[in-house]
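1. need the 3D shape of this:
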Amino acid sequence: MRYRVEGFNIRSENAARSTSQPGRAVVEWLSGHPPVESALDLGCGKLRYGRELITIANRVTFVDSESQLSRTQQIFGQKTSVRSYVSDAWASASVVTIDAYWQSPARFDLVLFANVLSAIPDEWMRRKLMKSIRGHLTSDGECLIATQYRNSYFRRARERVNAVPYLDGWIIPMGGGWASFYGILGPRELATLTEASGLRVVRSWTKGETACAVVSPVRTR
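-> Model (predicted):
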């Protein structure tokens with residue numbers, strides 16, 4: 001998705017990591033998860049957790065911006081697009097744009113929301129996405145939220161002379177009016193966002209540089 005912040009244009013899709021760089025904490029959790037009927041990868045990026053989701057869910061829906069889904073890039077060693085790769089490789093999966101996702105009534109047993117929040121330089125959009133998770137989970141469904149909240153690259157970014165402090169991170173000018181954004185959201189920030197979104201934290205932990213939280217809908221009487 002695209003954002004206009006502090007006079008800069010930010011493309012959050014550029015923060016997506018390659019399929020050769022899956023987060024160990026997320027892979028371990030998904031690998032130990034029991035089978036489910038349906039799963040959603042919200043902010044799927046370059047599909048780096050696609051294989052794990054396909055293994056445990058009968059149906060998987062991958063959601064991201066149109067620019068992320070349609071552009072040609074390296075995916076599992078192929079020069080292709082997310083939309084084309086899913087269509088060719090996984091018959092039980094579908095690809096949905098974020099615009100269509102907002103309107104969809106579909107509900108899922110499992111939602112993955114990995115390494116998305118820290119790339120969004122907009123508090124309103126963060127809250128909107130979190131609340132949408134509540135609306136797209138089944139009554140007994142759960143969501144794994146993961147953020148990379150510390151590493152050496154973040155430290156170097158913060159120390160750059162042109163880094164602009166913003167929200168919980170920094171805007172890094174790239175030239176030509178473009179910039180990158182790196183937000184730092186740890187366990188405390190995840191808990192705050194969760195509680196404000198009609199969700200509850202079932203379990204939270206950190207592994208290395210990753211903060212994880214399993215959340216589920218707050219049940220009302």
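2. can you get me a residue count around the nearest residue to S65 once chain neighbours are set aside?
-> Of all residues not flanking S65 in the chain, M1 sits nearest, at 4.6 Å (CB to CB, 6 or more residues apart in numbering). Where you see a C-beta, it was placed from the backbone N, CA and C, and this is true even at glycine. Neighbour count for M1, taken as other CB atoms under 10 Å: 18.
3. would you list the phi and psi of G176?
-> Backbone torsions of G176, given as degrees, to the nearest 10, read phi 70, psi 20.
4. from A57, how far off is it?
-> 41 Å (CB to CB, to the nearest Å).
5. the more surrounded of those two?
-> The neighbour count for G176 versus A57, taken as other CB under 10 Å, is higher for A57 (24 against 8).
6. the more buried one touches D41, doesn't it?
-> No. Judged on CB atoms under 8 Å, A57 makes no contact with D41 at a distance of 9.7 Å.
7. mind listing the shared neighbours of those two?
-> When contacts are counted by CB atoms under 8 Å, 6 or more residues apart in numbering, the set common to A57 and D41 is empty.
8. helices or strands up against the lengthiest strand in the chain?
-> When the chain is parsed with DSSP state E, its longest strand is strand 137-148. Counting contacts by 3 or more CB pairs under 8 Å, 6 or more residues apart in numbering; DSSP states H and E, strand 137-148 packs against helix 24-31, strand 108-114, helix 187-195, strand 210-217.
9. past the lowest-mean-pLDDT helix or strand in the chain, which element shows up next along the chain?
-> Within the chain, no helix or strand scores below helix 152-159, which has a mean of 61 by mean pLDDT, DSSP states H and E. Next along the chain after helix 152-159, taking DSSP states H and E as the criterion, comes strand 164-166.
10. ok, residues contacting that following strand?
-> In contact with strand 164-166 (CB under 8 Å, 6+ apart) are residues 5-6, 121, 170-173, 179, 181.
11. at 10 Å instead, please
-> 5-8, 10, 121, 158, 170-173, 179, 181-183 (CB atoms under 10 Å, 6 or more residues apart in numbering).
12. still on that earlier bit, nearest to K131, out of the helices and strands packed on strand 137-148?
-> K131 sits nearest to helix 187-195 of all those, at 9.7 Å, using CB to CB.
13. give me the below-cutoff pLDDT ranges for this structure.
-> In the predicted model, the chain carries pLDDT under 70 at residues 12-18, 150-161, 220-221.
14. pick out the residue closest to the middle of it.
-> For the chain, the residue sitting closest to the mean C-alpha position, by CA atoms, centre = their mean, is V116 at 3.2 Å.
15. give me the phi and psi for that one.
-> phi -110, psi -50.
16. farthest pair within the contacts of strand 164-166?
-> Counting by CB to CB, the most remote pair of the contacts of strand 164-166 is G7 and R158, 19.9 Å apart.
17. more crowded one of those two?
-> It is R158, of G7 and R158, that has more neighbours when counted by other CB under 10 Å, with 14 against 10.
18. returning to what we had before: let's have the helices and strands packed on strand 137-148 in JSON lines, adding mean neighbour count and distance to T80.
-> Shown next, in JSON lines, are the helices and strands packed on strand 137-148 (neighbours: other CB atoms under 10 Å; distance: least, CB to CB, whole Å):
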{"stretch": "helix 24-31", "mean neighbour count": "16", "distance to T80": "22"}
{"stretch": "strand 108-114", "mean neighbour count": "24", "distance to T80": "21"}
{"stretch": "helix 187-195", "mean neighbour count": "17", "distance to T80": "33"}
{"stretch": "strand 210-217", "mean neighbour count": "22", "distance to T80": "28"}
